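>>> below are the sequence and a predicted model; questions follow.
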Amino acid sequence: MLQDLIQKGLRLSQHAIFRKFVTRAGGFLAKPAKLAILLTSAYDKLIDTGSSQSGFAQVKDIMQTFIRLVKAYANGSYRAVSNKSLLVGIGVLLYLVTPLDVIPDFIPVIGLLDDISLMAWFVDAFQKEINGFRAWEQGKSASLGVRELES
């Protein structure tokens, strides 16, 4: 099932509507206030689910990690990510929060399936970037813990 979602997400990533979102993504990186609103909107949409550890929950967790990555990039504390990954990821977030996409979100069940498929594709395609950021977060947490012990 996850492979089906990834393949559907790949097809959506090649759609003209999604390409427009990727084009718009560059403008969000240059405007911290707009980026903050986007990240908050995407986060709110991602946490609005009652499932626990389903495939969607796993994708949701990774997308929340990506949101933290973009925040760290925007504040200058993390730069070990490619511009392409940032732009595509922000394009996915824009697609996620915009109700008018390939299959509009107001259509029950299938309206969110394209969002989930696109997120699954992004997670699969950019797993290395996500893992690198998580390792950076863990290293940062570990160094903060050592400093607290030294104090």
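Ah, there it is.
>>> now residue 39. Nearest residue, chain neighbours left out?
Distance criterion C-beta to C-beta, 6 or more residues apart in numbering; nearest residue to residue 39, sequence neighbours excluded, is residue 67 at 5.1 Å. Heads up, the C-betas are built off the backbone N, CA and C, glycines and all.
>>> residue ranges with poor pLDDT in the chain?
Low-confidence segments of the chain (pLDDT under 70): 1-2, 43-56, 58, 99-114, 144-151.
>>> which residues in it form strands?
Taking DSSP state E as the criterion, the chain carries no strands.
>>> show me the residue sitting in the middle of it in space.
Among the residues of the chain, the one closest to the centroid is residue 63, at 3.7 Å (C-alpha atoms, centre = their mean).
>>> check contacts around that one.
42, 46, 92, 93, 96, 119, 122, 123 (C-beta atoms under 8 Å, 6 or more residues apart in numbering).
>>> just residue 32 next, same as before
residue 74.
>>> dihedrals phi and psi, residue 80?
phi -80, psi 50 (degrees, to the nearest 10).
>>> look up how far residue 86 lies from residue 119.
Distance of residue 119 to residue 86, computed by C-beta to C-beta, to the nearest Å: 16 Å.
>>> out of those two, which sits in the more crowded spot?
residue 119 (26 against 21; other C-beta atoms under 10 Å).
>>> before we move on, back to that, out of the contacts of residue 63, flag the one nearest to residue 28.
Proximity to residue 28 was ranked across the contacts of residue 63 by C-beta to C-beta; first place goes to residue 93, at 8.5 Å.
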